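Novice: build me a model from this:
(chains A and B)
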Amino acid sequence: MIPADSELVEYFYGECERAAEIERALASSPELARRYESLRQVMLAVETPEAPPRGEHYEAELWQRLQPAIAGQSRLQAQRSWMWAGMAAAAVLALLLGAFVLGRQQGHEKGREEVMAEGLSKESRDRILLATAIDHLDRAQVLLVSLKNSSADGIPDLDLERSRAAELVVSNRLLRRSAREAGPSVTGALSSVLDDLEPLLLEIAHAPDTLSAADLIVLRERLAERGTLFKLRVMNDRLQRQAPAGRPMRPAQSAPRT
Amino acid sequence: MESAATVRAQRGDPEAFRDLVEEHGRALFRLAFRMTGDESTAEDIVQEAFMRAHRSLDKFDGRSQVGTWLHRIAANCALDVLRRRQRTAPERFAQPIHDLEGADEPATPAAGPQRRAESAEIGAAVRQAMGALTPLERAAFSLRHFEGRSSVEIAETLGLRVEGAKHAVFRAVQKLRLALGPLFRFADRNVAPKSPQVGGAM
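Specialist: Residues are numbered from 1 along each chain as shown, chains lettered A, B, ... in the order given. Next up is the predicted model:
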């Protein structure tokens, strides 16, 4: 056999399937042996570059350089996922509210059963409302827990928390209207919890850039006095028990229990 | 094969991601340097690789070691840099790949003047020849020759078919032979076959 150059390269790197045949061919053909030797010498001349040594604290320095960018990236990712979850919740609630209102108006004209047959059934709407309410309460809890746990120096990323609170205000209003439309049999005391939540969300959404330590303490005290976080958790647990297994349309993550 | 740090990093724990940076930073720097031959470029590649890894942590499925996954990301960052370099500054692309063999340094402690001169000449020629490879050839060759990766691993790393990876390495070797061959004088005598370098006894 006369191996091709590509096979000699593979043989050099120990990856040739016909290595034994090439061994024999090299032993029997001086011309082939010269060809291989020329390849080998060139390859051996290409030595592995020695990377310049890094200092003893290279890893720490590398992390120092990376950390701000990584933190920014994390914030952006969280903001995006929060934004999408908020937009999805608001869109679902707006549609749901429309369906409730339309259903009620048409219900006066036609029989209620007839209307239900035309669009979403009442059960479907209630299920969607429950799932959206759970998601909303989850996200509100995340925000309030972050407020509760922030240090005395202030909220680490006030801009982010303000924009989250502003989004929650919108979905809070839509949800409250939808909950009232659906009636107390479905959502129980949800409306009153949402009533309690809204002023807090508004305060966070409109917090000044120069939120002082004293302002933060007042906010936290208000949160504690009203027991809003506790009420949110109780309501969330209740809705979760009420929701059928495998709740549909629940985009956000679970709220931390801190 | 997810490490505890990887799982925690995937859940958004920055300290866990720091562990990954500390465990793999040096290895990624070495890889990036070998592929590009430039210290500051290698540093940029390490940072970019970790940023990319952080962005796509949720895509890491644990089927490979996290080190292998990071290595793959860094190799692709390096390939991107080589491609950018070729597009934007072809003259820089042809610069030396490393400063391993300075012209005034002896190749070995006992080397004589002629040997030192030859060694320096070969070193310079190697750097120039490496600089003339295409980005893909250089990346594939670096992974094969410097990192000892198999053709299958190179293909997986660079997103090629195995034959494509072999071909890229082969083209690189041919170009290097063409450029460096004249520097070696092969005796017109019978040469005993040598064992293969990688995977063999050499």
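Novice: tell me which stretches of the stretch 1-150 of chain A form helices.
Specialist: Along the stretch 1-150 of chain A, counting by DSSP state H, counting those that start in this stretch, helices occupy A:5-12, A:19-28, A:30-45, A:58-109, A:112-118, A:122-149.
Novice: is it possible to get CSV of the ones you listed that adds mean pLDDT?
Specialist: Formatted as CSV, those follow (pLDDT from 0 to 100):
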stretch, mean pLDDT
helix A:5-12, 93
helix A:19-28, 92
helix A:30-45, 92
helix A:58-109, 75
helix A:112-118, 50
helix A:122-149, 83
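Novice: could you dump these to TSV with mean neighbour count and distance to chain B?
Specialist: In short, each C-beta sits where N, CA and C put it, glycine included. Listed next are the helices of the stretch 1-150 of chain A as TSV, based on neighbours: other Cβ atoms under 10 Å in any protein chain shown; distance: least, Cβ to the nearest Cβ, whole Å:
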stretch	mean neighbour count	distance to chain B
helix A:5-12	22	5
helix A:19-28	15	3
helix A:30-45	18	4
helix A:58-109	16	4
helix A:112-118	13	40
helix A:122-149	21	13
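Novice: of all those, which one is nearest A:V218?
Specialist: Shortest distance between A:V218 and the helices of the stretch 1-150 of chain A, using Cβ to Cβ, is found for helix A:122-149: 11.6 Å.
Novice: which elements pack onto the closest one?
Specialist: Judged by 3 or more Cβ pairs under 8 Å, 6 or more residues apart in numbering or on different chains; DSSP states H and E, the packing partners of helix A:122-149 are helix A:58-109, helix A:158-182, helix A:184-187, helix A:190-205, helix A:213-226, helix A:228-242.
Novice: how about those in JSON lines, adding distance to B:A78?
Specialist: Below are these laid out as JSON lines (distance: least, Cβ to Cβ, whole Å):
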{"stretch": "helix A:58-109", "distance to B:A78": "17"}
{"stretch": "helix A:158-182", "distance to B:A78": "34"}
{"stretch": "helix A:184-187", "distance to B:A78": "56"}
{"stretch": "helix A:190-205", "distance to B:A78": "45"}
{"stretch": "helix A:213-226", "distance to B:A78": "47"}
{"stretch": "helix A:228-242", "distance to B:A78": "48"}
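Novice: nearest to B:E153, of those helices?
Specialist: helix A:58-109 (25.2 Å).
Novice: mind listing what the closest residue to B:R161 other than its chain neighbours touches?
Specialist: Closest residue in space to B:R161, ignoring its immediate chain neighbours: B:A155 at 6.1 Å, by Cβ to Cβ, 6 or more residues apart in numbering or on different chains. Residues counted as contacts of B:A155 (Cβ atoms under 8 Å, 6 or more residues apart in numbering or on different chains) are B:161-162, B:164-165.
Novice: got the CA positions of the strand or helix carrying B:I73 in CSV?
Specialist: B:I73 is part of helix B:66-88 when elements are defined by DSSP states H and E. Extracted in CSV, the C-alpha atoms of helix B:66-88 (Å, rounded to 0.1, in the frame of the first residue of the first chain):
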residue,chain,number,x,y,z
VAL,B,66,-18.4,21.6,32.7
GLY,B,67,-14.7,22.1,31.9
THR,B,68,-15.2,20.6,28.4
TRP,B,69,-18.2,22.8,27.9
LEU,B,70,-16.2,25.9,28.9
HIS,B,71,-13.3,24.8,26.8
ARG,B,72,-15.6,24.5,23.8
ILE,B,73,-17.0,28.0,24.4
ALA,B,74,-13.5,29.5,24.7
ALA,B,75,-12.3,27.7,21.5
ASN,B,76,-15.2,29.2,19.6
CYS,B,77,-14.5,32.7,21.1
ALA,B,78,-10.9,32.3,19.9
LEU,B,79,-12.1,31.2,16.5
ASP,B,80,-14.3,34.3,16.3
VAL,B,81,-11.4,36.5,17.3
LEU,B,82,-9.2,34.9,14.6
ARG,B,83,-11.9,35.5,12.0
ARG,B,84,-12.4,39.1,13.1
ARG,B,85,-8.6,39.6,13.1
GLN,B,86,-8.4,38.3,9.6
ARG,B,87,-11.2,40.5,8.4
THR,B,88,-10.1,43.7,10.1
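Novice: for it, which positions count as buried?
Specialist: Across helix B:66-88, burial judged by 16 or more other Cβ atoms under 10 Å in any protein chain shown covers B:66, B:69-79, B:81-82, B:85-86.
Novice: next: stretch B:128-135.
Specialist: Those would be B:129-135, for stretch B:128-135 by 16+ other Cβ under 10 Å.
Novice: on that earlier part again, most neighbours among the contacts of B:A155, which one?
Specialist: B:A165 (26 neighbours; other Cβ atoms under 10 Å in any protein chain shown).
Novice: do the helix or strand hosting that residue and chain A meet?
Specialist: Taking DSSP H and E as the definition, one finds B:A165 inside helix B:162-180. Yes - Helix B:162-180 comes into contact with chain A (Cβ under 8 Å from any Cβ of the partner chain), by way of B:166-167, B:169-170, B:173-174, B:176-177, B:180.
Novice: could I have the buried ones of these as PyMOL selection syntax?
Specialist: In PyMOL syntax, the buried subset of the residues of helix B:162-180 next to chain A is picked out as below (16+ other Cβ under 10 Å):
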select buried, chain B and resi 166+167+169+170+173+176+177+180
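Novice: pLDDT added to the residues of helix B:162-180 next to chain A, as JSON lines?
Specialist: Shown next, in JSON lines, are the residues of helix B:162-180 next to chain A (pLDDT from 0 to 100):
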{"residue": "B:K166", "pLDDT": "96"}
{"residue": "B:H167", "pLDDT": "95"}
{"residue": "B:V169", "pLDDT": "96"}
{"residue": "B:F170", "pLDDT": "96"}
{"residue": "B:V173", "pLDDT": "95"}
{"residue": "B:Q174", "pLDDT": "94"}
{"residue": "B:L176", "pLDDT": "93"}
{"residue": "B:R177", "pLDDT": "92"}
{"residue": "B:L180", "pLDDT": "89"}
